[in-house]
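Here is a sequence with its predicted model. Questions after.
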Amino acid sequence: MENCKDNTTLYISNLNETVAVNELRKALLAVFSQFGRVSDIFASRRYKLRGQAWIVFGNSQSADNALHVLQGLPFYSKPMVFNILFTFNFSIMASLHRILLLL
């Protein structure tokens, strides 16, 4: 399994699509904040973004710990699948928010 190294963002897929976005964000915050400061959580009900989330940590060590401990953990009856994002940052997060506002 890869390490996060200098990356602070985790991409999670295979999330339960029937859970409300606000409830999903709160639950993700509760799970991931035990590994360190969570700077941002992005999740959406838009068709192409359902079942996915991006978790931005304050440091790469927190992201790495969460990746190794939580990979495959059942979350709302589905195992979470993690990927490391090497180019994702706050400017991309802001762009995603702007794009979603235009849809």
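The structure has been received and is ready for your questions. Numbering: from 1, shown residues only.

What ranges does this structure have for its helices?
For the chain, the helices defined by DSSP state H cover 21-32, 60-70, 90-102.

of all those helices, which has the lowest average per-residue confidence?
Across the helices of the chain, helix 90-102 has the smallest mean pLDDT, namely a mean of 58.

Make sure Tyr76 is actually in contact with Leu15.
Yes - taking contacts as CB atoms under 8 Å, Tyr76 lies within contact range of Leu15: 7.1 Å. Heads up, the C-betas are built off the backbone N, CA and C, glycines and all.

Name the residues contacting each of those two.
Common contacts of Tyr76 and Leu15 (CB atoms under 8 Å, 6 or more residues apart in numbering): Leu24.

For those two, indicate the residue with more neighbours.
Remark: of Tyr76 and Leu15, Leu15 carries more neighbours, 21 against 13, as counted by other CB atoms under 10 Å.

And the more buried one, how far from Arg37?
22 Å (CB to CB, to the nearest Å).

what number of residues lie near the closest residue to Pro74 other than its chain neighbours?
Distances taken as CB to CB, 6 or more residues apart in numbering put Met80 closest to Pro74, at 7.9 Å, once the chain neighbours are dropped. When neighbours are defined as other CB under 10 Å, Met80 has 20 of them.

Return the per-residue confidence for Met80.
The model's pLDDT for Met80 equals 92.

hang on, it packs against Leu67?
No - using CB under 8 Å, Met80 is not in contact with Leu67, being 10.2 Å away.

Quick check: Pro74 vs Gly36, distance?
22 Å.

Could you check the pLDDT of the closest residue to Leu24 other than its chain neighbours?
Leaving aside its sequence neighbours, Leu24 sits nearest to Ala43 (CB to CB, 6+ apart; 5.2 Å). Confidence at Ala43, expressed as pLDDT, is 90.

of Pro74 and Gly36, who's got more company?
Gly36 (18 against 9).

doesn't Ser60 make contact with that one?
No - the pair Gly36 / Ser60 is not scored as a contact, 9.7 Å apart, by CB under 8 Å.
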